[in-house]
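Trainee: Quick one: sequence plus predicted model below, questions after.
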Amino acid sequence: MERLELEVSRREITGKKVRFLRREGIIPASLYGHGIDSTALQVDAKPLEQMLAQAGKTDLIDLKFTDSKTTKRVLVREVQQNPLTDELLHVDFYQVKMTERISAEVPLAFVGEAPALKTRNVSLLRLVDSLTVEALPDALPHSLEVDLSTLEQTDQAVYVKDIHLGDGVTLLGDPEQMVVKVAEARRAVEVEEEVVEAEVGEEVEAVAEMPEAEAEPTGKE
């Protein structure tokens with residue numbers, strides 16, 4: 001696979017003044033990692049947007065610094081965007097150690113067609129869109145395929161345990177979790193509501209257990 005490269009510069013402008021960078025088509029970013037000091041960066045918006053679309057959060061990127069011959073191998077860890085316009089606001093890069101296993105959220109790619117959908121009043125219910133796994137940085141998959149062609153009858157489902165993760169990749173989660181299911185249209189709505197209620201309940205419980213200082217939202221530059 002061709003190595004992905006992105007040119008970055010060290011950033012001296014911080015705080016609220018970074019809005020002036022964005023007006024010039026430059027996005028503020030940060031580089032951090034285990035055992036290293038955080039570094040403020042800036043990168044041109046256009047090549048950054050192209051890289052984010054190509055690499056996602058699981059493909060390794062070589063960050064090339066304009067002021068030196070230094071190159072850092074990183075993963076995209078967090079992307080902040082304007083919720084109304086989707087404008088890029090800030091990106092976090094995580095510097096990896098190639099011999100150290102890391103966790104990452106890998107998106108699912110649904111492939112094939114479910115024969116069961118030829119039946120009337122049947123819907124395909126997708127309950128999971130990504131899996132959290134652990135692997136060496138260069139073993140992280142770009143995506144994980146979910147084969148829908150095995151779903152031939154109503155109530156059939158694909159579970160996490162049915163998905164091939166690849167060599168050296170370990171699942172961090174429940175292998176019995178349902179990923180996608182063929183259901184009658186009315187039942188599909190009921191299951192969706194159950195999943196949403198469960199997720200909301202978990203979030204409320206997590207916030208209730210969180211120390212007061214951690215429960216407060218934090219902002220980035």
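Mentor: Great, that's in hand. The shown structure was predicted, so the numbers you read here are calculated from the model rather than taken from an experiment. Residues are numbered from 1 along each chain as shown.
Trainee: give me the number of residues near Val160?
Mentor: Counted with other CB atoms under 10 Å, the neighbours of Val160 add up to 19. Yep, even glycine has a C-beta here, placed from its N, CA and C like the rest.
Trainee: next one: phi and psi at it?
Mentor: Dihedral pair for Val160: phi -50, psi -40, per degrees, to the nearest 10.
Trainee: Would you confirm that it contacts Val180?
Mentor: No - Val160 is not in contact with Val180 according to CB atoms under 8 Å; the separation is 10.6 Å.
Trainee: Overlap in contacts, the two.
Mentor: Val128 (CB atoms under 8 Å, 6 or more residues apart in numbering).
Trainee: contacting residues around Glu49?
Mentor: Leu88.
Trainee: again but with Asp162, I slipped
Mentor: Val179.
Trainee: Can you tell me how far it is from Gly173?
Mentor: 14 Å (CB to CB, to the nearest Å).
Trainee: Pro137 now?
Mentor: For Pro137, the distance to Gly173 - CB to CB - is 20 Å.
Trainee: how many other residues sit next to Lys161?
Mentor: For Lys161, using other CB under 10 Å, the count is 11.
Trainee: where exactly do the helices run in this structure?
Mentor: Secondary structure of the chain (DSSP state H): helices located at 18-23, 45-55, 185-209, 212-215.
Trainee: in the second one, what counts as buried?
Mentor: In terms of neighbour count (16 or more other CB atoms under 10 Å), helix 45-55 has its buried residues at Ala45, Leu48, Met51, Leu52, Ala55.
Trainee: Please report the distance of the second one from Thr119.
Mentor: If I follow you right, that is Leu48. For Leu48, the distance to Thr119 - CB to CB - is 45 Å.
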